[in-house]
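Trainee: Build me a model from this:
(one chain, ligands or ions: 1)
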Amino acid sequence: MKIELPKHRRLQPGPASNVVMATCVGRSGRPNIITLGMYMPISIDPPLVCIGVAPRRYSHALIEETGEFVVNTPSIDLEEQMHYCGVRSGRDVDKWAETGLTPTPALKVKPPLIEECFSHLECRVVQSHICGDHTLFLGEVVATSANAEFMDGDVLDVLKARPIVQKNHVYYSVCEK
Ligand SMILES: Cc1cc2nc3c(=O)[nH]c(=O)nc-3n(C[C@H](O)[C@H](O)[C@H](O)COP(=O)(O)O)c2cc1C
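Mentor: Alright, predicted model coming up:
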């Protein structure tokens, strides 16, 4: 038997979405972190990913200013810091100072990497589209890096890295193959 749900609850076809932490920096040079569920790879060659950011987010203005962002993937060990970056705004707090996360220079873009995350996609915005109540930023991946201990060759060992998935802001990690 099927039951009808309110429209917004049908957005995620599966049980959960992958959670990432995007870093960005505006002209002021002060970097920020935003937690995102709206992340998706969309092209392999050229390598393109998209993120959905609501216009009212502080990060939205920063990404527009410099046209760059980094997609950092946290493991479940960073649940508390990840959640904090998803409920507080960089307009009001310094999320680096409040969470103890460490900014590390990226290889090719201005926003820093989050050292404690296990993988990083450095992106330059190539297109942006207003999609309802979010802006879709399409980013070309210009550099990628990851923690060596979580890699099996150039493939991520998901069971070691333990990325976070979420459903309605309840967080889960992957623990079985
Ligand atoms: C698990 C989780 C997922 C989120 N996903 C998104 C998202 O995809 N897009 C978005 O605009 N905000 C999302 N948010 C909300 C922002 O992270 C939140 O509003 C944040 O405080 C914005 O920070 P800023 O004002 O410093 O940019 C999410 C929050 C959480 C906790």
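Trainee: Could you pull up the residues touching residue 21?
Mentor: 33, 34, 35, 36, 72, 73, 74, 78, 82, 85, 114, 117 (C-beta atoms under 8 Å, 6 or more residues apart in numbering). Using the backbone N, CA and C atoms, a C-beta is placed for each residue, glycine as well.
Trainee: a markdown table please, covering the residues you listed and showing neighbour count and secondary structure.
Mentor: A markdown table is the format used below for the contacts of residue 21 (neighbours: other C-beta atoms under 10 Å; DSSP: H, G, I helix; E, B strand; the rest coil):
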| residue | neighbour count | secondary structure |
| --- | --- | --- |
| 33 | 29 | strand |
| 34 | 24 | strand |
| 35 | 21 | strand |
| 36 | 21 | strand |
| 72 | 25 | strand |
| 73 | 23 | strand |
| 74 | 24 | coil |
| 78 | 23 | helix |
| 82 | 26 | helix |
| 85 | 28 | helix |
| 114 | 28 | strand |
| 117 | 27 | coil |
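Trainee: Excluding chain neighbours, give the residue nearest to the residue of the chain found nearest the ligand in space.
Mentor: Nearest to the ligand in the chain, going by C-beta to the nearest ligand atom, is residue 86, at a distance of 2.5 Å. Counting by C-beta to C-beta, 6 or more residues apart in numbering, residue 86 lies nearest to residue 35, which is 3.1 Å off, once chain neighbours are set aside.
Trainee: thinking that neighbour is in contact with residue 82, fair?
Mentor: Yes - at 5.4 Å, residue 35 counts as touching residue 82 under the criterion of C-beta atoms under 8 Å.
Trainee: joint contacts of these two?
Mentor: By C-beta under 8 Å, 6+ apart, the residues touching both residue 35 and residue 82 are 19, 21.
Trainee: coming back round to it: in JSON lines: the contacts of residue 21, plus pLDDT and distance to residue 7.
Mentor: JSON lines is the format used below for the contacts of residue 21 (pLDDT from 0 to 100; distance: C-beta to C-beta, whole Å):
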{"residue": "33", "pLDDT": "98", "distance to residue 7": "30"}
{"residue": "34", "pLDDT": "98", "distance to residue 7": "25"}
{"residue": "35", "pLDDT": "98", "distance to residue 7": "23"}
{"residue": "36", "pLDDT": "96", "distance to residue 7": "21"}
{"residue": "72", "pLDDT": "98", "distance to residue 7": "31"}
{"residue": "73", "pLDDT": "97", "distance to residue 7": "29"}
{"residue": "74", "pLDDT": "97", "distance to residue 7": "29"}
{"residue": "78", "pLDDT": "98", "distance to residue 7": "31"}
{"residue": "82", "pLDDT": "98", "distance to residue 7": "27"}
{"residue": "85", "pLDDT": "98", "distance to residue 7": "27"}
{"residue": "114", "pLDDT": "98", "distance to residue 7": "33"}
{"residue": "117", "pLDDT": "97", "distance to residue 7": "32"}
